[in-house]
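>>> I would like the atomic coordinates for the input below:
(2 chains)
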Amino acid sequence: MTDISEHKSQSPRLVLEAGRAEAQYWRDLWHYRELFAILAWRDVSVRYKQTVIGVLWAVIRPFLTMIVFTVIFGRVAQLPSEGDAPYPVMVFAGMLPWFLFSSILSESSNSLVMNSALVGKVYFPRLVIPSAAAVVSLVDFAISFAMMILLMIALWFLPDWRVLFLPFFILLAVAAALGPALLFCAMNVKYRDFRYIIPFIVQFGLYVSPVGFSSANIPDAWRFIYGLNPMVGVIDGFRWCLLGGEATLHTPSFVLSLGVIAVFLWYGIHVFRRTERTFADLI
Amino acid sequence: MSDVVIRAEGLGKKYVIGHESAERYTALRDVLAQQARRLVRSARDMAAGRALIAGDEREEFWALRDVNFEIKRGEVVGIIGRNGAGKSTLLKVLSRITEPSEGRVTIDGRVASLLEVGTGFHPELTGRENIFLNGAILGMTRAEIRRKFDEIVAFAGVEKFLDTPVKRYSSGMYVRLAFSVAAHLEPEILVVDEVLAVGDAEFQKKCVGKMQDVASEGRTVVFVSHNMAAVKSLCPKAMYLNGGTGQGTEETEKAVQNYLKSIPTGPRKIEEFSRFSNDYVELHSIELADDKFAVSGRLLKWHPALTFSAIVAANDETELFWTTNRDAGPTLGRDMEGEDFSLILEIPYNLLNTGRYKLFFVLFIHNQEWIVKKGDLAHFTIEKEFNHHLVHDFSSRPGALAPVLGWKTYRASLPCA
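Next comes the predicted model:
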């Protein structure tokens, strides 16, 4: 739709045409980075301004989930932890990426419809909205992460050098969430009842992903297939980083997860960009 | 240097209207149900040996078609036309909100569009925060906003409330702040909708003044409006959009004449609104006779500031007065939600002179948004007989109005008290 090329007077020339290939899409996106920053800041500040519950929620939810999972999976079901790692730490290390994933998924998928007033009234690359919404989830993640540190200190279970790889896995969790989120975002604009599917996916996903238990419990024959769930790779990665050598990474399943994440991300962006131009007409 | 900054060639924009669904948005479940129904139907048709006709439930609607124009650097151009002529769609295409379905537009320069004041304002954020937010949304950089911050605040006159969440602002303050941010944009090309006319008369004057400033600085302005007086005073050139088609700009005077010629006369039912609906209301009919103006429809969502208004103007479109359904207190209450209503305004026969008048229907949420903009108009005539007992009466008098007032006569000379 747009093409920006340098003009004599340095003002960009814009050509608007049906279905025009957006050759400069990424450059355009870069141009709108300040809008991204300010929308992200808006979402974060509104979230934590409106309620004390905002912060509290980010603390309570993972904490309670950890206790429940430790009791149910660790005590009642007697599932083993990763090596010698205390069960609560193992659960928490899996919950961190899971909550990051699920909150990005729900926040971002609804973000376009929530911002419909903007979409109908001003131009900017629409990708800015769902990505800015994901930032709120990162802030929640930071709070949970601080709790993780406290927990590890309390149980005196410290990670080793592998923790240095953690940023990579955080990025991986964001990528894993953003792919489906963009897909749902685009679908949500077109079919408003699509949003009812998301809570289901989140709830369902919590049980099919190795959050409350270690994926070492999965029989070896199935572990590769288990990697089809992209969160398996991410959660295993987190545990590998944080549990100081107690957890091992099952390479084939991890590679499969990586592949699934990449495909979803590509497909999500692809669908989003293809439908993006019609958002204003539908919203 | 040819200096054409906006060039549109064969521009068209098509919308697809679904016939079966009257819903405003699609639900997946409806689509699935529809697909199933269609499958059954075509299976039946096939069994009966009939040809399958695809796409019978959808209709294309061209909001714009074959629009061609050129706008040169520094020109101030008005876009006029009746409701539904495609003005808003053209604005949306020019501001890149929606892409054209055919043809192309070439634009040289940074475009800022102002289709609404206060886009993206968040009620929980303070005035200060909203200035930065709104500025960024309109395309200003943070450095630019910081540079103009004091100016913006002073123009809006909200210094004392900078750190108050805007949800506590009065609606006037809110609009002033929103407009002030928009007014400090410095694009090469400014695309403006007449949203700016929301608000009181003083505020409107301020907006028009600001636009004049922008124009006099040699920047290009595209201004869409129903207000012929504003277009005439601001824009040396204008384009008349008729049924989605427009062929270049011309002298404003000529364009305005073309526009006025297209307006049907006589009492009539105003058809264009018969299918109109948005979040708040669904209009069924709007009728104007010589003694009554009636709007009927259904209230979908209640809003305290939802206002139906009639503007009565002289035949040359000089506005005589505005009157709204809320003047005498709230009329459409929350309890009317989901119900049908009719609003009937009696044309004040006693107030008006004999002659032809125009009536504009507008519907808006006060200080917030236009739902139906001023533009669609219809005529009515008043045949006045002031006092049919008198032989020496004259039915038409000089002056726009001819109110019948209470004169009293006393048989003594009284001091004026």
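
>>> which residue ranges of chain B form helices?
B:28-47, B:87-94, B:127-137, B:142-156, B:171-183, B:201-216, B:228-234, B:252-261 (DSSP state H).

>>> do the fourth one and chain A come into contact?
Read it as helix B:142-156. Yes: judged by Cβ under 8 Å from any Cβ of the partner chain, helix B:142-156 comes into contact with chain A at B:Arg142. C-beta here means a position set from N, CA and C on the backbone, and glycine is covered the same way.

>>> and if you look at the first one?
Yes: Helix B:28-47 reaches chain A (Cβ under 8 Å from any Cβ) through B:Leu28, B:Arg29, B:Val31.

>>> residue contacts, the nearest residue to A:Ser253 once chain neighbours are set aside?
The shortest distance from A:Ser253 to any non-neighbouring residue, by Cβ to Cβ, 6 or more residues apart in numbering or on different chains, is to A:Gly227 (3.1 Å). Applying Cβ atoms under 8 Å, 6 or more residues apart in numbering or on different chains, one finds that A:Gly227 lies in contact with A:Gly233, A:His250, A:Pro252, A:Ser253, A:Phe254, A:Val255, A:Leu256, A:Ser257, A:Val260.

>>> wait, B:Glu339 sits on B:Arg298?
Yes: using Cβ atoms under 8 Å, B:Glu339 is in contact with B:Arg298, at 6.7 Å.

>>> when the two are compared, which one has more neighbours?
B:Arg298 (15 against 10; other Cβ atoms under 10 Å in any protein chain shown).

>>> distance-wise, check the more buried one relative to B:Lys72.
47 Å (Cβ to Cβ, to the nearest Å).

>>> A:Leu138 in helix, strand or coil?
Three-state call for A:Leu138 (DSSP: H, G, I helix; E, B strand; the rest coil): helix.

>>> how many residues are close by the residue in the stretch 51-200 of chain B positioned nearest to chain A?
The minimum distance from the stretch 51-200 of chain B to chain A, using Cβ to the nearest Cβ, falls at B:Arg96 (3.7 Å). As a burial measure, B:Arg96 scores 21 neighbours (other Cβ under 10 Å).

>>> surely it meets A:Leu16?
Yes: if you go by Cβ under 8 Å, B:Arg96 and A:Leu16 touch, sitting 6.5 Å apart.

>>> which parts of the stretch 51-200 of chain B sit against chain A?
B:92-111, B:113, B:115-116, B:119-120, B:122, B:124-125, B:129, B:132-133, B:136-139, B:141-142, B:188.

>>> drop anything exposed from those residues.
Using 16 or more other Cβ atoms under 10 Å in any protein chain shown as the burial test, these include B:92-103, B:105-109, B:111, B:113, B:115-116, B:119-120, B:122, B:125, B:129, B:132-133, B:136-139, B:188 as buried.

>>> can you tell me which of these end up in strands?
B:Glu102, B:Gly103, B:Val105, B:Thr106, B:Ile107, B:Asp108, B:Val111, B:Ser113 (DSSP state E).

>>> which part of the stretch 201-350 of chain B gets nearest to chain A, residue-wise?
For the stretch 201-350 of chain B, Cβ to the nearest Cβ, closest residue to chain A: B:Asp279, 10.7 Å.

>>> who's in contact with residue 65?
With no chain named, the answer covers chain A. A:Val91, A:Met95.

>>> please refer instead to chain B.
B:Gly12, B:Lys13, B:Gly244, B:Thr245.

>>> what does stretch B:312-320 contact?
Under the contact criterion Cβ under 8 Å, 6+ apart, stretch B:312-320 has outside partners B:228-229, B:311, B:321, B:323, B:347, B:352, B:355-360, B:377, B:379, B:400-401.

>>> for ChimeraX, what selects the buried ones among these?
Typed into ChimeraX, the line below selects the buried ones among the contacts of stretch B:312-320, using 16+ other Cβ under 10 Å:
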select /B:228,311,323,347,352,355,357,358,359,360,377,379
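
>>> out of the contacts of stretch B:312-320, list just those in strands.
Using DSSP E, the contacts of stretch B:312-320 in strands are B:Ile311, B:Phe321, B:Thr323, B:Gly355, B:Arg356, B:Tyr357, B:Lys358, B:Leu359, B:Phe360, B:Leu377, B:His379.

>>> what's the closest of those to chain A?
Distances from chain A to the ones in strands among the contacts of stretch B:312-320, taken by Cβ to the nearest Cβ, are shortest for B:Phe360, at 24.2 Å.

>>> my read is that that closest one contacts B:Phe321, right?
No: under the criterion of Cβ under 8 Å, B:Phe360 is not in contact with B:Phe321, lying 11.3 Å apart.

>>> bridge partners for B:Val282, pull those for me.
Actually, residue B:282 is Glu. It isn't Val. B:Ser277, B:Arg298 (DSSP bridges).

>>> neighbours around it, how many?
17.

>>> residues contacting it?
Contacts of B:Glu282 by Cβ under 8 Å, 6+ apart are B:Phe276, B:Gly297, B:Arg298, B:Leu300.

>>> same thing with A:Phe69?
Here A:Phe69 is in contact with A:Val91, A:Met95, A:Val211, A:Gly212 (Cβ under 8 Å, 6+ apart).

>>> at 6 Å what do you get?
By Cβ atoms under 6 Å, 6 or more residues apart in numbering or on different chains, A:Phe69 lies in contact with A:Val91, A:Gly212.

>>> what pLDDT is listed against the residue nearest to A:Ser253?
At A:Gly227, the model reports a pLDDT of 88.

>>> ok, now how distant is it from A:Ile235?
Distance from A:Gly227 to A:Ile235, by Cβ to Cβ: 11 Å.

>>> for A:Leu138, same thing?
For A:Leu138 relative to A:Ile235 (Cβ to Cβ), the value is 17 Å.

>>> the two: which is more packed in?
A:Ile235 (27 against 17).

>>> and B:Gln34, how far from A:Phe141?
41 Å.

>>> equivalent analysis for A:Asn110, please.
Taking Cβ to Cβ, one finds A:Asn110 at 18 Å from A:Phe141.

>>> neighbour count for these two, which is higher?
In this view A:Asn110 and A:Phe141 are compared by other Cβ under 10 Å, and A:Phe141 has more residues nearby, 22 against 19.

>>> hmm, which helix or strand of chain B has the shakiest average pLDDT?
strand B:268-269 (a mean of 54; mean pLDDT, DSSP states H and E).

>>> what number of residues lie near the closest residue to B:Ile347 other than its chain neighbours?
Spatial nearest neighbour of B:Ile347, excluding adjacent residues (Cβ to Cβ, 6+ apart): B:Asp291 at 5.4 Å. Look at B:Asp291: counted by other Cβ under 10 Å, it has 12 neighbours.

>>> ditto for B:Met239
So B:Met239, with other Cβ under 10 Å, has 27 neighbours.

>>> across the sheet, point out what pairs with it.
B:Ile79.

>>> was I right about it contacting B:Gly81?
No: applying Cβ atoms under 6 Å, one finds B:Met239 not in contact with B:Gly81, separated by 8.4 Å.

>>> shared neighbours of the two, anything?
By Cβ under 6 Å, 6+ apart, no residue touches both B:Met239 and B:Gly81.

>>> check the offset of the strand or helix carrying A:Pro130 from the chain's centre.
Assessed by DSSP states H and E, A:Pro130 sits inside helix A:128-154. For helix A:128-154, the separation from the chain centroid amounts to 11 Å (computed by Cα atoms, centre = their mean, to the nearest Å).

>>> how about stretch B:176-195?
17 Å.
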